[in-house]
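Colleague: dropping a prediction and its sequence here:
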There are 2 protein chains.
Amino acid sequence: MEQYNFAARTRAIKRSFIREILKVTDEPDVISFAGGLPNPRLFPVAEFASAAAKVLSTEGERVLQYSTTEGFAPLREHIAKRYRERKGLAVRASDILITNGSQQGLDLLGKIFLDPGDRVLLERPAYLGAIQAFSLYEPEFRSVRLEEDGPDLRSLAEELRPGGQEPKLFYAVPNFQNPSGISYSREKRAAVAALLTESKAVTVEDDPYGEIRFLGEDLPMLSGSLGGRAVLLGSYSKIVAPGIRLGWICAPEAIMERLVTAKQGSDLHSNYFSQWVLYQYLCDNDLETHIARIRSAYGAQRDAMVRMLELHCPPEVTWTQPEGGMFLWLTLPRQLDAMELFERAIKERVAFVPGAPFYVDGGGSTTLRLNFSNSDLGRIETGIVRLSKAIGELLAKSPLLVPGATLPR
Amino acid sequence: MEQYNFAARTRAIKRSFIREILKVTDEPDVISFAGGLPNPRLFPVAEFASAAAKVLSTEGERVLQYSTTEGFAPLREHIAKRYRERKGLAVRASDILITNGSQQGLDLLGKIFLDPGDRVLLERPAYLGAIQAFSLYEPEFRSVRLEEDGPDLRSLAEELRPGGQEPKLFYAVPNFQNPSGISYSREKRAAVAALLTESKAVTVEDDPYGEIRFLGEDLPMLSGSLGGRAVLLGSYSKIVAPGIRLGWICAPEAIMERLVTAKQGSDLHSNYFSQWVLYQYLCDNDLETHIARIRSAYGAQRDAMVRMLELHCPPEVTWTQPEGGMFLWLTLPRQLDAMELFERAIKERVAFVPGAPFYVDGGGSTTLRLNFSNSDLGRIETGIVRLSKAIGELLAKSPLLVPGATLPR
């Protein structure tokens, strides 16, 4: 018998599987492609030291005091201005709420939108953090299969069909998705937006990786054509550093009002000291140059991983070709199980995340996620050799050679 | 018609009344006793600058990376050690979860414990931030009147009576409560703990002010005698600085497990950079000496406020005599209304928070909260003269001289 009488919503959640995996992979001789960490060598450590010294000496006490729930006004304007200038979106500072990473944006959106049983439409596979955040509001999850260029439009149309139970939220990561690395093509963006315009669903466009594009052309935001029916989540975690936990929600006024109230009840406001330090860093350094460095480093790491897979991985295995971001998605032949491979891979001292937890419908057993942003080229080479060896051994044990689809249903 | 289909829980919440009031009182010639801000002159600005420089130069990239949900281990041990040494509580580092201020602790507790309609037992008046945080989980609020030495034991016994609908949570601020300034006496603590031991309710002991005692003897924590039926909330906001948004929950293992999962879904983890800077500050400085300075400053400010009230305030007005913390609670004669006084006081360029929002049962119209921590002695003197004038004028208009009780039902 349970000692405490917890809320019903806690029955829906389990501790993150990835979190548990990361414990196993912590040993120093394991090459881990499991975590979703940015490369710390690119963090602006010295620049942060200067920025912190400057704000404390020039602004003093005020940067350590309580502040407004919405966030530090100049930082909000900085974010809005970049949307205007780089994306052509008509965003004002008042449309921006500073959050504790974009993960908190997901929680706040769940809080203001979801009653138990409400539908949330996800991509398949979907970002695990979103599944976790929304789960606590007890929705019914549905999912639309990702093809190589974005959602399967027929299923999307079916899920959004008026008259059926329409989803309240459609959660999408159109750029270099976590976990799959897939991006929506220009055509798919237009087609998806057209379907969403007809629907009552609010689109949550999560874009933590959008600026880390190392191949192909920049594409328009999904939200750009959805007017007041979309909110946009952004983050400094991948373009500056995640330890400061600063992200944002960009939302229309009526949604923003509820978000601010929810944020106020949740934690009053985001870390004000870090907002000041970050803003000072942004004033004193060229963010675009910094992002270009990240792009170039991750591009080289991604290329190394793909090249090594091509050289060493058994031909029955397929993978996505991400044009940006931090992840690559592998699909094993149908007779293999990624959990079983994980056990074997750990023996070879290499780790990844099995794909099943990214599926809300029980699928994905032959899939796995590889992170390339947090390993240097040498470790990527050694790690993929080890992983390929583990796959080869498992295949030799279960030799039924049926190639898997790139993204199985 | 509403443009968006928000969750039912959002109907229960309104934007903080205090927040709205603070906008009015922002003008520089208004002396404000309204906010709940600590005195920024006591913030360790130079010490933070040294600490930030040190962690960035010696620890580098790792302080800007993602981290564990539970928080920075040495900081958790620092908190646990102080409980052991100063309070005699058997707390281990693993019992501590680092949160974004103790406000997030309230949100996480609501999240894991409250289903719609569950009872939450509050003090009357109660901390507004707790009312806001819990409201989003749609509980039924009940409240127990605070007497000068703690809760009215007869009502508390009645609310906890087995067989009735017992509360899931009892939320208490036993030291220098916000808003009333009241503390539970030693005897009341024992009596309250005895009643709670018989109950299924989990006690949430919120103690942000406990260390800011400038009069009387230190008293035992309520949680100390409740074993696994209590959680304890703490905060660095009042003893170091609030802008870094760092607080903690101390909870038994089975509750901690749920809290960690809820925290992970809410924002992954608290600001890691600030945790490092704070910990470095705690290593390089004597926190007890720093707290002693705060105590002494706030004690002088409280004395000045009480002295000025005694000198200038009409005799029909009564107030609490806080032995610590940041607030003092005024009760007006029955024929006056604190909202009406607020309008008049603003004309005199002095502000406070009317008491009604601290009551979940619609009472409190003759009460108001004064903050003494964020005004120096000169402003306290001028402000209380202005406030007393406004009260005197309102009394002259409505001269029915019925003295109010210190804390009306």
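Modeller: Cool, got the structure.
Colleague: quick one, strands of the stretch 1-150 of chain A?
Modeller: Here the stretch 1-150 of chain A has its strands, by DSSP state E, counting those that start in this stretch, at A:31-32, A:96-99, A:119-124, A:140-147, A:150-151.
Colleague: check what contacts the fourth one and list those residues.
Modeller: Residues outside strand A:140-147 that contact it (Cβ atoms under 8 Å, 6 or more residues apart in numbering or on different chains): A:117-126, A:131, A:134, A:151-152, A:155-156, A:159, A:167, A:177, A:180, A:182, A:359-361, A:407, A:409. Placement of C-beta: from N, CA and C, glycine included.
Colleague: where does the prediction get shaky in the stretch 251-400 of chain A?
Modeller: Scanning the stretch 251-400 of chain A for pLDDT under 70 picks out A:399-400.
Colleague: show me where it has strands.
Modeller: Assigned by DSSP E, counting those that start in this stretch, the stretch 251-400 of chain A shows strands spanning A:318-319, A:327-331, A:350-351, A:353-354, A:367-371.
Colleague: could you dump those strands to a markdown table with distance to chain B and mean neighbour count?
Modeller: A markdown table is the format used below for these (distance: least, Cβ to the nearest Cβ, whole Å; neighbours: other Cβ atoms under 10 Å in any protein chain shown):
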| stretch | distance to chain B | mean neighbour count |
| --- | --- | --- |
| strand A:318-319 | 25 | 18 |
| strand A:327-331 | 15 | 24 |
| strand A:350-351 | 16 | 26 |
| strand A:353-354 | 15 | 25 |
| strand A:367-371 | 12 | 26 |
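Colleague: possible to save those strands as CSV with distance to A:P40?
Modeller: Formatted as CSV, the strands of the stretch 251-400 of chain A follow (distance: least, Cβ to Cβ, whole Å):
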stretch, distance to A:P40
strand A:318-319, 25
strand A:327-331, 17
strand A:350-351, 18
strand A:353-354, 19
strand A:367-371, 13
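Colleague: relative to A:R84, which of those strands is closest?
Modeller: Counting by Cβ to Cβ, A:R84 lies closest to strand A:327-331 out of these; the figure is 29.3 Å.
Colleague: which other helices and strands contact the closest one?
Modeller: Strand A:327-331 sits against helix A:287-312, strand A:318-319, strand A:367-371, with contacts defined as 3 or more Cβ pairs under 8 Å, 6 or more residues apart in numbering or on different chains; DSSP states H and E.
Colleague: backbone phi and psi for A:L136, please?
Modeller: Torsion angles at A:L136 (phi, psi; degrees, to the nearest 10) stand at phi -70, psi -10.
Colleague: burial measure for it, as a count.
Modeller: Using other Cβ atoms under 10 Å in any protein chain shown, A:L136 is surrounded by 22 other residues.
Colleague: next, work out how far apart A:A194 and A:R145 are.
Modeller: Distance, A:A194 to A:R145, by Cβ to Cβ, to the nearest Å: 19 Å.
Colleague: higher neighbour count, those two?
Modeller: Per other Cβ under 10 Å, whichever of A:A194 and A:R145 has more neighbours is A:R145, with 17 against 12.
Colleague: identify the residue nearest that one in space, chain neighbours excluded?
Modeller: The spatial neighbour of A:R145 that comes closest, neighbours along the chain excluded (Cβ to Cβ, 6 or more residues apart in numbering or on different chains), is A:D152 at 4.5 Å.
Colleague: can you pull the contacts of that neighbour?
Modeller: Per Cβ under 8 Å, 6+ apart, neighbours of A:D152: A:144-146.
Colleague: out of the strands of the stretch 251-400 of chain A, which gets nearest to B:R258?
Modeller: strand A:353-354 (23.6 Å).
Colleague: partners of that closest one, with directions?
Modeller: Strand A:353-354 has its sheet partners listed here by DSSP bridges as strand A:367-371 (antiparallel).
Colleague: number of residues surrounding the closest residue to A:L42 other than its chain neighbours?
Modeller: Counting by Cβ to Cβ, 6+ apart, A:L42 lies nearest to A:I294, which is 5.3 Å off, once chain neighbours are set aside. For A:I294, the neighbour count with other Cβ under 10 Å is 19.
Colleague: now do A:I294 against chain B, distance only.
Modeller: Look at A:I294 and chain B: by Cβ to the nearest Cβ, to the nearest Å, they are 14 Å apart.
Colleague: endpoint to endpoint, stretch A:321-338 covers what distance?
Modeller: End-to-end distance for stretch A:321-338: 20 Å, by Cα to Cα, to the nearest Å.
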